[in-house]
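Peer 1: Predicted structure and sequence below. I'll ask about it afterward.
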Amino acid sequence: MDSETAQQLAGIQESTDRLLAAASRLTDAQAAAPSRLPGWTRGHVLTHLARNADGLRNLLHWARTGTKTPMYPSEAARDAAIEAGAGRSAAELTADLRHSAARFAEAAGLLPEAAWAAAVERRGEDFPARRILRLRLSELEFHHVDLGTGYQPDGWPAVFVATELPRVADAFANSPDMTACYLVADGWPDSFLVGPAGQDPPDLVVRGTPERLLAWLSGRADGAGLQVTGAAAVPVPPPWR
């Protein structure tokens with residue numbers, strides 16, 4: 001295993017441990033209470049994260065064996081599995097999350113070096129297996145905030161923000177539903193242009209820490225703490241995911 005892979009796996013484990021610590025403190029009533037995601041309880045969020053670990057482990061199997069193994073049999077099956085598991089006790093939810101995360105970590109740790117370059121597929125998109133690690137960390141960090149137990153974007157690891165802010169900003173580049181503006185992250189040399197294509201460069205600039213910009217763009221914060229020039233208020237991004 002090369003040093004980059006080892007570092008990514010260590011980061012995933014640290015994120016998992018933080019999430020497990022939060023889940024283990026939940027009562028059954030708190031697990032059944034609404035999360036920050038519309039229509040989902042905390043039980044939905046934790047079940048989703050457990051099934052996500054299983055699904056990404058399927059992609060690791062695909063990369064290792066060459067046998068096509070989709071994340072889920074279908075999107076409907078994915079949704080049904082989340083719904084079926086959401087109402088369990090806090091202890092059951094936490095144990096499921098722990099065991100599924102351990103199975104994922106074991107599969108990732110055993111993947112041969114050459115297999116990280118193998119192509120796998122998710123929702124019609126082909127990508128190298130190495131991206132599975134970024135996908136898992138993204139799910140853990142975004143949804144830990146969504147759990148609504150006190151974990152905030154300001155606590156996101158710097159390496160996570162450094163990867164995710166450019167990715168989410170790119171999702172809004174040329175977006176007809178996004179207000180055209182420049183995003184300027186404190187301490188970063190480059191800015192990001194988002195909004196409809198083909199327009200004149202906008203006068204609107206949104207500036208702030210990388211963590212707060214990412215939280216705002218991803219729908220995990222309302223833009224409080226960001227500075228805006230060229231408008232009276234920070235624009236509201238369209239839903240990201």
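Peer 2: Done, it's in.
Peer 1: For Ala108, pull up the helix or strand it's in.
Peer 2: Using DSSP states H and E, the element containing Ala108 is helix 90-110.
Peer 1: Give the other helices and strands that that helix contacts.
Peer 2: Packing partners of helix 90-110 (3 or more C-beta pairs under 8 Å, 6 or more residues apart in numbering; DSSP states H and E): helix 3-24, helix 28-32, helix 42-65, helix 131-147. Where you see a C-beta, it was placed from the backbone N, CA and C, and this is true even at glycine.
Peer 1: Which secondary structure elements does the shortest one sit against?
Peer 2: Using 3+ C-beta pairs under 8 Å, 6+ apart as the contact definition, the elements that helix 28-32 packs against are helix 42-65, helix 90-110.
Peer 1: Which of these sits closest to Leu226?
Peer 2: Leu226 lies closest, by C-beta to C-beta, to one member of the helices and strands packed on helix 28-32: helix 42-65, at 25.8 Å.
Peer 1: how close does the residue lying closest to Arg130 once chain neighbours are set aside get to Glu106?
Peer 2: With sequence-adjacent residues excluded and distances taken as C-beta to C-beta, 6 or more residues apart in numbering, Arg130 is closest to Trp116, at 4.5 Å. Here Trp116 is placed at a distance of 16 Å from Glu106 (C-beta to C-beta, to the nearest Å).
Peer 1: When those two are compared, which one has more neighbours?
Peer 2: Set side by side, Trp116 and Glu106 show more neighbours around Trp116, with 21 against 11, by other C-beta atoms under 10 Å.
Peer 1: No more questions from me, cheers.
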